[in-house]
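> Quick one, structure for this:
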Amino acid sequence: MRAAVIRGSEDPFTLEDIELDPLRADEVLVEIVGVGMCHTDLLVRSPMMAGMLGTTVLGHEGSGIVRSVGDAVTGVAEGDHVLISFDSCGACENCRTGLPAYCAQFEARNLSGRRADGTPGATDSAGEAVTARWFGQSSFAELAIATERNVVVVDKELPLEIMGPLGCGIQTGAGSVLNEMGMRAGQTIAVFGAGAVGLAAIMAAKLVGAAEIVAVDLHDSRLELAKELGATRVVRGDVEDLVAAVKGDRGGLDFSFETTAVGPVIAAAVGVLDRPGKAVLVGAGAGELSVAPAALSGRTVTYALEGSSIPQILLPQLIEHWQAGRFPFDRLIKTYDFDDINQAEADSLSGATIKPVLRMSR
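Residues are numbered from 1 along each chain as shown. Purely as a prediction, here's the structure:
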């Protein structure tokens, strides 16, 4: 099959033929129809991450059609249309109690690029190992192997090629509001970063009837879109006193949501909180939070993975809201042919495109 292979932190994606390992009993083989590009995929531009992954296939917002299933698979069948989300073991305490995003094997199954047992998953034309289980899928490819636990079966009438981003970026933003915050009507939130994850949080906050939704970003075009999608007020991220500007006439907000992983912005996300208040951080980057303990009086700060979601529950709910016109995540998407993956990456990094989605030719 063809896959977009990356061999080093400064190398472009190259389309190559690779061979997947044989399907195991709990696995499913998915023909990819579309796949979103998430900023987490671009962690490979870090030399440390690239060195850990080696030659790899990325992509973790896949959508496609099941072509075969392992002998132990019972809940997914050949021909099913599926979205692929993060992987989890299903056996640890957190998985058994409905917290798969905090699976004891989360890092091994999702961030190593390998199966949980350390096997890479594929070989290139020279017979060299290729890590091909990024987030339990590696869906920058014509085919991907996932597990029964990280696929979500969806209606075959849906436009499958654009649905993949629900499996990670959109889920992270919306799930953080709906699950991690448990936000209620009348509460308030500030969202730092109006990319796909932040805008999904804004749409979710509107869904639950938030009284005030403040969007913060450096791109005026994204702030305008944020207003169209539910923000009640917008703030440029480069204002002189960001905390004061976000608070406005309020003493503080009930929640803040931070997507940038920039140290001063993380600090601002804590600074805008009322008491009680909760800051949910999701940005993947090197920024750190330095805070005096007293500043956390009555306030909570947490880092959420995947919106603390159960994909099989949240994704169908988001699809239902989208079909009813209440959650227009498709407005964030620009599609690209798979061959144009390097242009999609460039447009994502420049901010020209909020959510690139690669379409496979069929």
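> Quickly note the distance from the nearest residue to residue 102 once chain neighbours are set aside to residue 88.
Among residues not flanking residue 102 along the chain, residue 94 sits closest, at 4.5 Å (C-beta to C-beta, 6 or more residues apart in numbering). Quick note: C-beta positions are derived from backbone N, CA and C, even for glycine. Separation of residue 94 from residue 88 (C-beta to C-beta, to the nearest Å): 8 Å.
> out of those two, which sits in the busier spot?
residue 88 (27 against 16; other C-beta atoms under 10 Å).
> check contacts around that one.
95, 100, 101, 103, 105, 106, 109, 149, 150 (C-beta atoms under 8 Å, 6 or more residues apart in numbering).
> Does the second one touch residue 94 like I think?
Spelled out, that is residue 100. Yes - at 7.0 Å, residue 100 counts as touching residue 94 under the criterion of C-beta atoms under 8 Å.
> For the stretch 251-362 of the chain, give me the ranges with low pLDDT.
362 (pLDDT under 70).
> For residue 322, grab phi and psi.
phi -60, psi -40 (degrees, to the nearest 10).
> can I get the CA coordinates of stretch 56-63 in CSV?
Extracted in CSV, the C-alpha atoms of stretch 56-63 (Å, rounded to 0.1, in the frame of the first residue of the first chain):
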residue,chain,number,x,y,z
THR,A,56,7.2,6.3,10.6
VAL,A,57,3.7,6.8,9.3
LEU,A,58,1.7,9.4,11.2
GLY,A,59,-2.0,10.3,11.0
HIS,A,60,-4.5,9.7,13.8
GLU,A,61,-7.8,11.1,12.6
GLY,A,62,-8.7,8.4,10.1
SER,A,63,-12.1,7.5,8.6
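> hang on, the earlier thing: report the secondary structure state of the residue nearest to residue 102.
Using DSSP: H, G, I helix; E, B strand; the rest coil, the structure places residue 94 in helix.
> which residues does it contact?
Contact analysis of residue 94 by C-beta under 8 Å, 6+ apart lists 100, 102, 103, 104.
> Pull the most distant pair out of the residues you listed.
Largest separation among the contacts of residue 94 by C-beta to C-beta: 100 and 104, giving 10.5 Å.
> Give me the more crowded residue out of these two.
Remark: of residue 100 and residue 104, residue 100 carries more neighbours, 26 against 14, as counted by other C-beta under 10 Å.
> In contact with the more buried one, which residues?
86, 88, 90, 94, 149, 310, 311.
> where along the stretch 101-250 of the chain do the strands fall?
121-124, 129-131, 143-147, 151-154, 188-192, 212-217, 233-236 (DSSP state E, counting those that start in this stretch).
> List just the one of these that sits closest to residue 42.
Among the strands of the stretch 101-250 of the chain, the nearest to residue 42 by C-beta to C-beta is strand 129-131 (16.1 Å).
> Residue 155: neighbouring residues, count only.
11.
> wait, which of the strands of the stretch 101-250 of the chain is closest to residue 274?
Comparing those against residue 274 with C-beta to C-beta, the closest turns out to be strand 188-192 (7.9 Å).
> Give the partner strands of the closest one in its sheet and their orientations.
strand 212-217 (parallel), strand 253-258 (parallel) (DSSP bridges).
> how about the ones you listed in JSON lines, adding mean neighbour count and distance to residue 315?
Listed next are these as JSON lines, based on neighbours: other C-beta atoms under 10 Å; distance: least, C-beta to C-beta, whole Å:
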{"stretch": "strand 212-217", "mean neighbour count": "27", "distance to residue 315": "23"}
{"stretch": "strand 253-258", "mean neighbour count": "28", "distance to residue 315": "20"}
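> Pull the number of nearby residues for the closest residue to residue 353 other than its chain neighbours.
Leaving aside its sequence neighbours, residue 353 sits nearest to residue 347 (C-beta to C-beta, 6+ apart; 4.0 Å). Close neighbours of residue 347, defined as other C-beta under 10 Å, add up to 17.
> Verify the contact between residue 347 and residue 340 for me.
No - when contacts are counted by C-beta under 8 Å, residue 347 is not listed as touching residue 340 (9.4 Å).
> Report the set of residues contacting both of those two.
Counting by C-beta under 8 Å, 6+ apart, nothing touches both residue 347 and residue 340.
> pLDDT wise, what is the residue nearest to residue 102 at?
Looking at residue 94, its pLDDT stands at 98.
> ditto for residue 44
At residue 44, pLDDT is 89.
> which residues touch the closest residue to it other than its chain neighbours?
Closest residue in space to residue 44, ignoring its immediate chain neighbours: residue 50 at 5.1 Å, by C-beta to C-beta, 6+ apart. Neighbouring residues of residue 50 by C-beta under 8 Å, 6+ apart: 6, 8, 9, 44.
> residue ranges of the helices in the stretch 51-200 of the chain, please?
Remark: helices assigned in the stretch 51-200 of the chain by DSSP state H, counting those that start in this stretch are 93-96, 106-110, 169-175, 196-207.
> ok, and for the shortest one, which residues are buried?
Of all the residues in helix 93-96, those buried under the rule 16 or more other C-beta atoms under 10 Å are 94, 95.
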